[in-house]
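A.B. asks: coords please:
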Amino acid sequence: MPEPSPHELGLDPANESPFKGKTGLRRVWNALSYSMAGLKAAYLCEDAFRQEVWLAALLIPAAVLLPVPWLGRGLMIAGVLMVLVVELLNSAIEAVVDRVSLENHRLAKRAKDIGSAAVLVSLLMVVAVWTCVLLAVA
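C.D. replies: Numbering: from 1, shown residues only. Sure thing, here's the model as predicted:
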């Protein structure tokens, strides 16, 4: 059974965004540019992200230097990077919620609290992974 076309699904990719029509290297270059702008904005505007970047700057070299198996080292580094990913997503959620309205609303609070909880869970994951890896070598 052939897959339906975007038009059969009621979608019009050409009119979704002026940036969607870019292909090839131009699309890759644009995506890289947007990603770098996002990292810069998060670092300059989000205290928590900035703190977690500094934590990563300490923990990643420590993971590289510690005498642990390669798999453990990879998990330790991946966990630290996951915290940055989750914090970026949390910051994006907060920015969208604030863009929609600065009014105190229970759904806005819920969205922000859930994003914050995701960051907490990712930080607890780092603690758990680092503890397990370091105890395994001790």
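
A.B. asks: quick one: low-confidence parts of the chain?
C.D. replies: Low-confidence regions of the chain, defined here as pLDDT under 70, cover residues 13-15, 18-21.

A.B. asks: host element of the most centrally placed residue in the chain?
C.D. replies: For the chain, the residue nearest the mean C-alpha position is Val85 (2.1 Å; C-alpha atoms, centre = their mean). Under DSSP states H and E, the secondary-structure element containing Val85 is helix 70-100.

A.B. asks: what's near enough to touch the residue nearest to the centre of the chain?
C.D. replies: Ser122 (C-beta atoms under 8 Å, 6 or more residues apart in numbering). For the C-beta atoms, the positions are set from N, CA and C on the backbone; glycine is no exception.

A.B. asks: same check, this time on Ser101
C.D. replies: Ser101 makes contact with Ala108 under the criterion C-beta under 8 Å, 6+ apart.

A.B. asks: so where do the helices sit in the chain?
C.D. replies: Taking DSSP state H as the criterion, the chain contains helices spanning 24-45, 47-65, 70-100, 106-137.

A.B. asks: please name every helix or strand in contact with the longest one.
C.D. replies: In terms of contact count using 3 or more C-beta pairs under 8 Å, 6 or more residues apart in numbering; DSSP states H and E, helix 106-137 is assigned the packing partners helix 47-65, helix 70-100.
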